[in-house]
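Asker: no letters, just coordinates:
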């Protein structure tokens, strides 16, 4: 099953409806397991190990045996840095050099993005803007355009090689802006609506189209 997308101008008027490229946007591309794997990968790769404990070699203090091995009627102990003692080192505790990163083959990455885009298309969550013409960076113009298209909550704006457009939209609290080259599965799934500006839709297809 293929999908369509409505294209608007800055005044909020729908100019046309086009068919989306079936090699990227198709119900056959939707794969929940693959999307889950990529979101898990992205979250794991952004995770930073903060918790860190000291082992017995890093705890301050003398390494001298606390008392002789035998003859005092008590159990045998080593120095005060032993993991068995209060304020001693921690055995096998968390370390700050832990690595949580995961990897995924390039073909699977692209397939997961096609899946996310197809899923969003199936939910009628894709919209396109024919162009965003501003003589200067203007958040006010960006907000007006979104209001005209009736987008006011959780919008992912996808652009291509337009720093003016990025700077115009990025200060809006309910908007995330990303270049078409760097769109991720998590970005697409998190947004309620995805807005492609100008050439961004063509670039998304170019970057993620299935090779024959």
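Answerer: Perfect, I can see it now. These numbers come from a predicted model, not from an experiment. Residues are numbered from 1 along each chain as shown.
Asker: got a list of what residue 66 touches?
Answerer: Applying CB atoms under 8 Å, 6 or more residues apart in numbering to residue 66 gives the contacts 77-80. Heads up, the C-betas are built off the backbone N, CA and C, glycines and all.
Asker: can I get the buried part of those residues as one PyMOL selection?
Answerer: Buried subset of the contacts of residue 66, written as a PyMOL selection, criterion 16 or more other CB atoms under 10 Å:
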select buried, resi 79+80
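Asker: could the contacts of residue 66 go into a markdown table alongside secondary structure, distance to residue 174 and pLDDT?
Answerer: Below are these laid out as a markdown table (DSSP: H, G, I helix; E, B strand; the rest coil; distance: CB to CB, whole Å; pLDDT from 0 to 100):
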| residue | secondary structure | distance to residue 174 | pLDDT |
| --- | --- | --- | --- |
| 77 | coil | 61 | 84 |
| 78 | coil | 60 | 87 |
| 79 | coil | 58 | 89 |
| 80 | coil | 56 | 90 |
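Asker: kindly reformat the contacts of residue 66 as TSV containing distance to residue 55.
Answerer: What follows is the contacts of residue 66, written out as TSV (distance: CB to CB, whole Å):
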residue	distance to residue 55
77	18
78	14
79	13
80	14
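Asker: longest helix in this structure, please.
Answerer: helix 106-122 (DSSP state H).
Asker: quick one: buried residues of the lowest-mean-pLDDT helix or strand in the chain?
Answerer: Least confident helix or strand of the chain, by mean pLDDT, DSSP states H and E, is helix 163-169 with a mean of 89. Neighbour-count burial for helix 163-169, counted by 16+ other CB under 10 Å, picks out 165-169.
Asker: what's that helix packed up against?
Answerer: Under the contact definition 3 or more CB pairs under 8 Å, 6 or more residues apart in numbering; DSSP states H and E, helix 163-169 sits against helix 139-148, strand 155-159, strand 175-179.
Asker: which SS state does the residue minimising distance to the centre of the chain fall under?
Answerer: Centroid-nearest residue in the chain: residue 186, 4.5 Å away (criterion: CA atoms, centre = their mean). Under DSSP: H, G, I helix; E, B strand; the rest coil, residue 186 falls in the helix class.
Asker: would you mind identifying the next helix or strand past the longest helix of the chain?
Answerer: Using DSSP states H and E, the helix or strand that directly follows helix 106-122 along the chain is strand 126-129.
Asker: each with direction, which strands does that next one pair with?
Answerer: Sheet partners assigned to strand 126-129 using DSSP bridges are listed as strand 4-8 (parallel), strand 193-197 (parallel).
Asker: circling back to that earlier point, wait, doesn't the residue nearest to the centre of the chain sit right on residue 39?
Answerer: Yes: contact criterion CB atoms under 8 Å: residue 186 and residue 39 qualify, at 5.2 Å.
Asker: can you give me the buried ones in the helix or strand containing residue 35?
Answerer: If you go by DSSP H and E, residue 35 is part of helix 32-45. By 16+ other CB under 10 Å, the buried positions in helix 32-45 come out as 34-35, 37-39, 41-42.
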